[in-house]
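Peer 1: need a structure here:
(one chain, ligands or ions: 1)
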Amino acid sequence: MGEAKKRGTPEERAAQARARVESLRPAQLVGGNCKTAFSQFEAIPAPGLQGIDAVFGGQCPNCGNDVIVFKGEPNAVAEAMIAYERMMGEGTRLGYQAADGTHVPFEPGGPGTPEGSVH
Ligand SMILES: [Zn+2]
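Peer 2: Take a look at the predicted model:
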């Protein structure tokens, strides 16, 4: 907030980017399929996804579903989710996690969500 931003070395900037991603990491992901919450997941590098701050993904330990969470601007998250769904084809379920970790189905055109996940 208001602090002068110095341009660091590439290493410093990379460390800052990692710290930023880590700060966005949810405590847990929730599988949209079986609602299992799990905390073993990875930050996925997503360079070039405009408006997306971070992407996290892991596999549900219960049913094996891949769970991907996008963090960023609501519109960018919605677009990324739709693009991902298209890429993955039928059977991919879109949803997002509310702040308390509950899973909410995602509807394109619905109210913007601050983060989204694909199951
Ligand atoms: Zn599951």
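Peer 1: near the ion at all, the host helix or strand of residue 54?
Peer 2: Per DSSP states H and E, residue 54 falls inside strand 52-59. No - judged by C-beta under 5 Å from the ion, strand 52-59 makes no contact with the ion; its nearest approach is 8.6 Å. (C-beta placed from N, C-alpha, C; glycine too.)
Peer 1: so which other helices or strands are in contact with that strand?
Peer 2: Secondary-structure packing of strand 52-59 (3 or more C-beta pairs under 8 Å, 6 or more residues apart in numbering; DSSP states H and E): helix 10-24, strand 42-44, strand 66-72, helix 74-88.
Peer 1: alpha carbons of it, as CSV, please.
Peer 2: Taking C-alpha atoms only, strand 52-59 is exported to CSV below (Å, rounded to 0.1, in the frame of the first residue of the first chain):
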residue,chain,number,x,y,z
ILE,A,52,-5.2,-14.9,-13.7
ASP,A,53,-3.0,-14.5,-10.6
ALA,A,54,-2.5,-18.1,-9.8
VAL,A,55,-3.6,-21.6,-10.7
PHE,A,56,-3.6,-24.5,-8.3
GLY,A,57,-4.3,-28.1,-9.1
GLY,A,58,-4.4,-31.5,-7.4
GLN,A,59,-6.0,-34.8,-7.5
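Peer 1: now do it against strand 66-72, angle only.
Peer 2: Relative orientation of strand 52-59 versus strand 66-72 (axes from the mean of the first three to the mean of the last three C-alpha atoms, to 10 degrees): 170 degrees.
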